[in-house]
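S.K.: okay, predicted coordinates and the sequence, questions at the end:
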Amino acid sequence: MKINELSKKSGVSARMLRYYEEQGLIRPMRLSSGYRDYCQNDISILKNIKALQEAGLTLNVIRVLMPCIISQPVRFDPCPLIVATLKDQRLKLQQTIEDQSRALSILEQYLDETGQMDIPEVLPNSMWESGSVAYA
DNA sequence: GTTCTAACA
DNA sequence: TGTTAGAA
């Protein structure tokens, strides 16, 4: 199937499908016309990529993991590389959760200190983009 | 009309 | 990531 068809079936934009190929995640054949020709397996690969991304894995990590993925309902071949990579990812996630948790606490403390003044909860993005908000 | 590559927003 | 230009 050609790129647009796969895009509709997978929900992945044609732009991203080309990008995935550039990153070595999928290797579609080429028609004599030069158009990419995707197979059924590519759909499975795409589903796997989506599943892995939901675990916060980046394309770079997914790329090295790809060869160790058994089949669609994402399953890993328990090789040392996989275990090490997943544990590393777990550590990074725990770290960002901690960082954001601290950031949230600080923000809430600032809000408490302002004592609920008559300011809007949220400012329109346009105010920030136009630079109309004064920093002091 | 569709897809390709490259490049810009 | 989306979008667009110019070519096939």
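M.R.: It's in.
S.K.: CA atoms for contacts and neighbours, from now on please.
M.R.: OK.
S.K.: how about the residues of chain A near DNA strand C?
M.R.: A:13, A:14, A:15, A:16 (C-alpha under 7 Å from any atom of the strand).
S.K.: and the first one, how far is that from DNA strand B?
M.R.: Using C-alpha to the nearest atom of the strand, to the nearest Å, one obtains 11 Å as the distance from residue A:13 to DNA strand B.
S.K.: so who does that residue touch?
M.R.: By C-alpha atoms under 8 Å, 6 or more residues apart in numbering, residue A:13 lies in contact with residue A:7.
S.K.: do residue A:49 as well
M.R.: Going by C-alpha under 8 Å, 6+ apart, the list of residues near residue A:49 reads A:59, A:62.
S.K.: that one and residue A:19, how far apart?
M.R.: Relative to residue A:19, residue A:49 is positioned 13 Å away (C-alpha to C-alpha, to the nearest Å).
S.K.: next: residue A:111.
M.R.: Relative to residue A:19, and taking C-alpha to C-alpha, residue A:111 is found at 42 Å.
S.K.: about what we covered before: now the residues of chain A next to DNA strand C in a markdown table, with secondary structure and pLDDT?
M.R.: Converted to a markdown table, these look like this (DSSP: H, G, I helix; E, B strand; the rest coil; pLDDT from 0 to 100):
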| residue | secondary structure | pLDDT |
| --- | --- | --- |
| A:13 | coil | 96 |
| A:14 | helix | 97 |
| A:15 | helix | 96 |
| A:16 | helix | 97 |
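S.K.: can you select the buried ones from these in ChimeraX?
M.R.: In ChimeraX syntax, the buried subset of those is picked out as below (16 or more other C-alpha atoms under 10 Å):
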select /A:14
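S.K.: got a markdown table for the residues of chain A next to DNA strand C, with distance to residue A:45 too?
M.R.: Formatted as a markdown table, the residues of chain A next to DNA strand C follow (distance: C-alpha to C-alpha, whole Å):
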| residue | distance to residue A:45 |
| --- | --- |
| A:13 | 15 |
| A:14 | 15 |
| A:15 | 17 |
| A:16 | 14 |
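S.K.: many thanks, we can stop here.
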